[in-house]
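Colleague: Need the 3D shape of this:
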Amino acid sequence: LNPAAAAVAEVSMQMGQMREQYEGALQAKAEEVREIQSRMHQLEIETAQVRASWEIERRGLIRQVGHYRGVLHRYCIPFEDPHDYFHGQGDAGASWIQPFEPSVPS
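Modeller: Predicted coordinates:
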């Protein structure tokens, strides 16, 4: 072989090695991206499940509060925090439970 042909063969071999390294790195990055996308998808599913669970719990709590408000209303208990009435932060002249006063028959 002449020197020019040997140089071309050497450059061609180096180019082949560089191409293999590049393609290997490209495949590794592509796999890494697929793994990240898979993890992101899994996190989106988990996030949706947690949000749905929180929403179910929130609705249950709202239903419970509504039940408790109904009990307070049924027994004529004010909705305000009774702690305020017992510690002087509520109406100074108001008592927590209003006394029953019968109406005069007509």
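Colleague: residue ranges with poor pLDDT in this structure?
Modeller: For the chain, applying pLDDT under 70 flags the ranges 1, 81-106.
Colleague: at 90 what do you get?
Modeller: Judged against pLDDT under 90, the low-scoring parts of the chain cover residues 1-8, 72, 75-106.
Colleague: hey, which helix is longest across it?
Modeller: With secondary structure taken from DSSP state H, the chain has its longest helix at helix 3-74.
Colleague: burial of Val71, as a residue count?
Modeller: Counted with other C-beta atoms under 10 Å, the neighbours of Val71 add up to 10. Quick note: C-beta positions are derived from backbone N, CA and C, even for glycine.
Colleague: Apologies, that question was intended for Arg69.
Modeller: Quick note: Arg69 (other C-beta under 10 Å) scores 12 neighbours.
Colleague: Give me the nearest residue to it, chain neighbours excluded.
Modeller: In space, Arg69 comes closest to Phe79 once its chain neighbours are excluded; the distance is 6.5 Å by C-beta to C-beta, 6 or more residues apart in numbering.
Colleague: so that neighbour sits right up against Gly70, yeah?
Modeller: No. Between Phe79 and Gly70 there is no contact, the gap being 11.0 Å when judged by C-beta atoms under 8 Å.
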